[in-house]
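Asker: Build me a model:
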Amino acid sequence: MRALYAEISLEPKPGLVSFRDCGSHLDMDAGTFMRSLFALRSYFPRIAQAGAQGCSFTVLQSLGKEAEARMLIATRGVNTHRGAVFGLGLLCASAGQLHAQRLTCTPLHLRAVLLSTWGEALTARAKSSRIAPPISNGQRVAQQYGMRSAGDEAAQAFPTLFDVTLPALQSALAGGATTRSARVHALFATMAVLDDTNVVHRGGVEGLRFVQSRALQFLEMGGFKQTDWREQARAVHADFIQRRLSPGGAADVLASACWVDALTRLPILIDRDLAQCDEMSLWLAKDSSLLVQ
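Answerer: Have a look, this model is predicted:
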């Protein structure tokens with residue numbers, strides 16, 4: 001939940017919903033994401049426990065569908081965290097399996113246990129989704145344009161997350177970036193390479209190329225090291241809004257990177273995470289309906 005909160009509270013975040021504005025969206029705001037976040041609060045420990053028990057992918061998928069249904073009730077039908085339910089859920093299951101095996105929760109171990117426990121099922125699912133009738137906008141776009149979908153990413157143990165986003169986040173932090181600027185930097189690094197089907201759904205392949213080129217330009221200019229990085233990122237935000245582009249897939253990957261990074265540095269992050277819990281409690285005070293789901 002703290003990882004998802006880190007994503008929604010981050011700003012600037014081109015085209016995406018934040019506490020500052022609604023980005024390129026007319027059907028959701030930060031409150032929508034907060035309702036979704038609290039509706040999912042029981043899902044992650046459940047799927048981690050299922051992972052610890054070595055449950056089949058069918059069981060994990062059933063838990064994910066139940067969580068998605070709760071999300072849609074909380075958001076009145078708006079898809080806020082479907083990608084996180086899938087991706088972050090699988091990572092939690094992998095962490096549960098690592099705990100059961102008494103292995104350290106490292107990026108290498110997370111990837112290895114994901115593939116060894118559910119890799120075959122994920123590969124079969126990815127192959128099937130390329131030819132079966134699409135059940136989501138992401139699957140439709142991936143089929144139509146031959147793009148790598150979220151399912152393909154999972155079947156390959158999330159290469160964008162572990163090879164691009166997480167290293168960008170951690171190298172920025174090691175290079176003196178603040179938590180905020182490091183996360184923005186990691187988001188841009190992700191946007192520069194990800195086949196984001198959310199973007200293609202809204203703006204076609206041309207929209208995706210625009211997102212990737214603007215993200216690469218930001219990075220080539222120095223990324224978080226620019227003295228005016230906020231202004232530069234907000235200028236990209238304005239460009240994306242004008243074109244109604246929203247890199248939701250990159251946002252999901254960023255949330256997962258925040259989660260993995262927190263696990264590897266847990267003792268250091270306790271105080272900061274408690275502060276984030278205090279921030280979330282303020283939302284509870286403002287909207288008690290968050291506890292209904």
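Asker: centroid residue for this structure?
Answerer: D252 (1.4 Å; C-alpha atoms, centre = their mean).
Asker: How far away from the center of its chain is whatever helix or strand that one lives in?
Answerer: Applying DSSP states H and E as the criterion places D252 in helix 248-264. Relative to its chain's centre, helix 248-264 lies at 5 Å (C-alpha atoms, centre = their mean, to the nearest Å).
Asker: So for the nearest residue to the residue nearest to the centre of the chain once chain neighbours are set aside, what's the pLDDT?
Answerer: Of all residues not flanking D252 in the chain, G83 sits nearest, at 3.7 Å (C-beta to C-beta, 6 or more residues apart in numbering). Every C-beta, even on glycine, is put in place using the N, C-alpha and C of the backbone. The model reports G83 with a pLDDT of 93.
Asker: cool, I47 as well?
Answerer: 98.
Asker: count of residues packed around it?
Answerer: 27 (other C-beta atoms under 10 Å).
Asker: Over to the one 5 residues further on?
Answerer: Other residues within reach of A52, judged by other C-beta under 10 Å, total 16.
Asker: The one 10 residues further on now?
Answerer: Applying the criterion other C-beta under 10 Å, we find 14 residues in the vicinity of S62.
Asker: Could you measure from it over to I241?
Answerer: In this structure, S62 and I241 are 37 Å apart, going by C-beta to C-beta, to the nearest Å.
Asker: Kindly report the same for C55.
Answerer: 42 Å.
Asker: and if you look at P45?
Answerer: According to C-beta to C-beta, P45 stands 36 Å off from I241.
Asker: And those two? Which one has more around it.
Answerer: Applying other C-beta under 10 Å to P45 and I241 shows that I241 carries more neighbours, namely 18 against 11.
Asker: Which helix or which strand is home to the more buried one?
Answerer: helix 229-242.
Asker: If you count neighbours, what's buried in that helix?
Answerer: 229, 232-234, 236-237, 240-241 (16 or more other C-beta atoms under 10 Å).
Asker: ditto for stretch 215-226
Answerer: Of all the residues in stretch 215-226, those buried under the rule 16+ other C-beta under 10 Å are 215, 218-219, 223-224.
Asker: I'd like those residues as TSV, with distance to R209 and secondary structure appended.
Answerer: Shown next, in TSV, are the buried residues of stretch 215-226 (distance: C-beta to C-beta, whole Å; DSSP: H, G, I helix; E, B strand; the rest coil):
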residue	distance to R209	secondary structure
A215	11	helix
F218	15	helix
L219	16	helix
G223	20	helix
F224	24	helix
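Asker: Name the spans of this structure whose pLDDT lies under the cut-off.
Answerer: Scanning the chain for pLDDT under 70 picks out 135, 266-293.
Asker: Most distant residue from the centre of it?
Answerer: Here the chain reaches farthest from its C-alpha mean at T227, the gap being 27.2 Å by C-alpha atoms, centre = their mean.
Asker: Now do the same contact list for the closest residue to L10 other than its chain neighbours.
Answerer: Closest residue to L10 apart from its sequence neighbours, by C-beta to C-beta, 6+ apart: R183 at 5.3 Å. Contacts for R183 (C-beta atoms under 8 Å, 6 or more residues apart in numbering) come out as 6, 10, 169, 254, 258.
Asker: what about stretch 11-24, start to end distance?
Answerer: 14 Å (C-alpha to C-alpha, to the nearest Å).
Asker: Then stretch 133-142?
Answerer: Distance across stretch 133-142, first residue to last, is 12 Å (C-alpha to C-alpha).
Asker: now stretch 172-187
Answerer: 12 Å.
Asker: Next, the buried residues of it.
Answerer: Buried residues in stretch 172-187, defined by neighbour count with 16+ other C-beta under 10 Å: 172-173, 177, 179-187.
Asker: Which of these fall in helices?
Answerer: Applying DSSP state H to those, the entries found in helices are 172-173, 179-187.
Asker: Contact partners for the closest residue to M221 other than its chain neighbours?
Answerer: With sequence-adjacent residues excluded and distances taken as C-beta to C-beta, 6+ apart, M221 is closest to Q232, at 6.8 Å. Q232 sits next to 218, 221, 226 when contact means C-beta under 8 Å, 6+ apart.
Asker: same deal with A155?
Answerer: Residues near A155 by C-beta under 8 Å, 6+ apart: 119, 122-123, 125-126.
Asker: returning to that earlier point: from the contacts of R183, which two are the most distant?
Answerer: The largest separation in these, counting by C-beta to C-beta, is between L10 and L169 at 11.6 Å.
Asker: Now do the shared contacts for these two.
Answerer: Here L10 and L169 share the contacting residues 183, 254, scored by C-beta under 8 Å, 6+ apart.
Asker: Right, I'll leave it there.
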